[in-house]
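**Student:** how would this look folded up:
(chains A and B)
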Amino acid sequence: GAGVSQSPRYKVAKRGQDVALRCDPISGHVSLFWYQQALGQGPEFLTYFQNEAQLDKSGLPSDRFFAERPEGSVSTLKIQRTQQEDSAVYLCASSPRGRPELAGARTGELFFGEGSRLTVL
Amino acid sequence: SQKIEQNSEALNIQEGKTATLTCNYTNYSPAYLQWYRQDPGRGPVFLLLIRENEKEKRKERLKVTFDTTLKQSLFHITASQPADSATYLCALDMENGNLIFGKGTKLSVKP
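**Tutor:** Below is the predicted model:
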């Protein structure tokens, strides 16, 4: 498959557990975004990578949330000491273009994965 | 404060009619606006992008308008079909490359 792949699709965690969510973007895509989508809401921005550089983490809700993309391809979103309010769908999206100030082009459309649904009990 | 509003949480229409969805925003100045479709349990799928200097964009049965004076975008689906039933999200394309999404409008097309 040539699309964005996320795993696991479903994760149930007990409050206080650590979880790791994986994203495989489309091969060669420069930009990678993580979004959080609560039930009945639109996706909310968490963090942005251009290649391996995390250029924006302004949307991460607390220091329990951590994301990395060490080799500029696969990314992992880690949530430590999960709490019930962390329950949501976590969406990963990628784009072939980088940020305007670096690549001279707009990010344009995003290609989303199917999401990882996290339930914290 | 910055806000994006999609006119209603749900819209029910009869097959064959035109569906019109509204996206309003305040305190933003996006140069681009995008529309996505999201089916239950799936990620959003890109539909259309419109630039601030474009009044209207069409793709098959879809039409999008973008009025930067009114700070509003309208999304139309003509000759709607039950298969068009989904949640439609508008997204503002910010200068830093982020997309800011609205809550979405759930469209149901009845046969």
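
**Student:** who touches the most centrally placed residue in chain A in this structure?
**Tutor:** By CA atoms, centre = their mean, chain A has its centre lying nearest to A:Trp34, at 2.4 Å. By CB atoms under 8 Å, 6 or more residues apart in numbering or on different chains, the contact set of A:Trp34 is A:Cys23, A:Leu46, A:Thr47, A:Tyr48, A:Ala67, A:Ser75, A:Leu77, A:Tyr90, A:Leu91, A:Cys92. (C-beta placed from N, C-alpha, C; glycine too.)

**Student:** now do the strands in chain A.
**Tutor:** Per DSSP state E, chain A carries strands over the ranges A:5-7, A:10-13, A:19-24, A:31-37, A:44-50, A:53-56, A:65-68, A:75-79, A:88-95, A:111-112, A:116-120.

**Student:** ok, which of the ones you listed comes nearest B:Asn24?
**Tutor:** Among the strands of chain A, the nearest to B:Asn24 by CB to CB is strand A:44-50 (18.5 Å).

**Student:** and that closest one, does that touch chain B?
**Tutor:** Yes - counting by CB under 8 Å from any CB of the partner chain, chain B has neighbours in strand A:44-50: A:Glu44, A:Phe45, A:Tyr48.

**Student:** most neighbours, which of those residues?
**Tutor:** Using other CB atoms under 10 Å in any protein chain shown as the neighbour criterion, A:Tyr48 leads the residues of strand A:44-50 next to chain B with 24 neighbours.

**Student:** isn't that one up against A:Asp56?
**Tutor:** Yes - taking CB atoms under 8 Å as the definition, A:Tyr48 is a contact partner of A:Asp56 at 4.2 Å.

**Student:** shared neighbours, those two?
**Tutor:** Common contacts of A:Tyr48 and A:Asp56 (CB under 8 Å, 6+ apart): B:Asn98.
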